[in-house]
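# generate coordinates for the sequence data below:
(one chain, ligands or ions: 1)
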Amino acid sequence: MDDLLKQINAKSKEFCQLIEDLNDLQKFKELKNSFKSYVKELYSYLKSAKSEEKKILGQAINDFKNIIQKKLDLMNQKFEIEGSSRNHDPTIFKSEIKFGTIHPLIKLYKKIENILFNMGFSIAQGPEIELDRYNFEKLNMPPYHPARDMQDTFYIFAPQVLLRSHTSSVQIRTLENISPPLQIISPGTVYRVDDIDPQHTPMFYQVEGLVVSENVSFANLKSVLITLLKKIFGDEIMVRFRPSYYPYTEPSAAIDMSCTKCGGDGCQVCSGSGWITVLGSGMVHPAVLKGVNIDPLRYSGFAFGLGLNRLALLYYDLGEIRKLYENDISLWKQL
Ligand SMILES: [Zn+2]
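This is a model prediction of the structure:
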């Protein structure tokens, strides 16, 4: 019997050590089973033991059983707590989580923003629901001015309240509040009545820029916009300025860039011309400066505007504008 008592003692130490070293649930289950079968074995010894030995052996078995069972219970609690916290911990990585990506328009916008920041521009923002005064009138487009038809406008309360058709409205608001010199960009969503097709959406993104200071010339405009386009599309592109018309700039220029698809040879993207119009620009019209109480004899300025969606089509070679809205994350991730 002494041997058996010694064995129980040794087993007790062995189980204690094994429980202490436990670190996974599977091993814990195995250990519980081997404990159970060892206790069963001990009871079978007890049955066959001599009656005078039964008391001592029974006591030893009970002590062993109680000690180890207590330790196993504690370990069980520990695994349960860990298990439940694992189930509820939102930071635990689950393989079924699908990660998103930055929208290609935002990616391109950030690139443009960064280039313009480095040239000294800062950001100005304004409301998307706008007054006619800021969207048209103070931009040298009084009521019934024919140029208003260039932008089919959504009206909320006609004729005074509308969805801005360009972010030039922000420029007027800024000019009213900040005296020159100033150098701003006004990025944001704009709205024009348009059917959705491969090239058009009724809501799109614009980035407009405005510089007003003393001695600002057309050469400054050219330098800023050529630098901007070359930094976006690469030094190899060619840029040309064409006379154009906007009521709020004089002179005005449309800016074409050599086609990014064919390099100027002519293709479907550039309608065979080799050139694509990417920006509108011009020197701020003196009437606009006068309208915000800035002396046009002392100050001059230039302004430009680009449609971010249209530019994204070329930059990512998307083919059609709707791909920017179809939530095809796997496509966006490749861009
Ligand atoms: Zn082309």
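# which residues does stretch 20-40 contact?
The contact list for stretch 20-40 (Cβ atoms under 8 Å, 6 or more residues apart in numbering) reads 11, 15, 18-19, 61, 64-65, 68-69, 72, 75-76, 79, 83. For glycine as for every other residue, the C-beta is placed from the backbone atoms N, C-alpha and C.
# kindly report the same for stretch 54-73.
Residues from elsewhere that reach stretch 54-73 (Cβ under 8 Å, 6+ apart): 1, 4-5, 8, 11-12, 15-16, 19, 31-32, 35, 39, 42-43, 45-46, 49.
# picking up where we left off before, and the contacts of stretch 20-40, which two are furthest apart?
For the contacts of stretch 20-40, the maximum inter-member distance is 31.6 Å, found between I61 and G83 (Cβ to Cβ).
# those two: which has the busier surroundings?
For I61 and G83, the more surrounded residue by other Cβ atoms under 10 Å is I61, and the numbers stand at 18 against 11.
# now do the buried residues in the host helix or strand of the more buried one.
Assignment of secondary structure by DSSP states H and E places I61 within helix 51-88. Across helix 51-88, burial judged by 16 or more other Cβ atoms under 10 Å covers L57, A60, I61, F64, K65, I68, K71, L72, M75.
# please parse the chain into its domains.
Taking automatic domain parsing as the domain assignment, the record places the domains of the chain at 2-88, 104-334.
# return the distance of the shortest one from the chain's centre.
Taking Cα atoms, centre = their mean, to the nearest Å, the mean C-alpha location of domain 2-88 is offset from the chain mean by 56 Å.
# try stretch 283-298
Chain-centre distance of stretch 283-298: 38 Å, with Cα atoms, centre = their mean.
# next: stretch 205-222.
Computed by Cα atoms, centre = their mean, the separation of stretch 205-222 from the middle of its chain amounts to 29 Å.
# compute the first-to-last residue distance for that stretch.
According to Cα to Cα, to the nearest Å, stretch 205-222 extends 23 Å from its N-terminal end residue to its C-terminal end residue.
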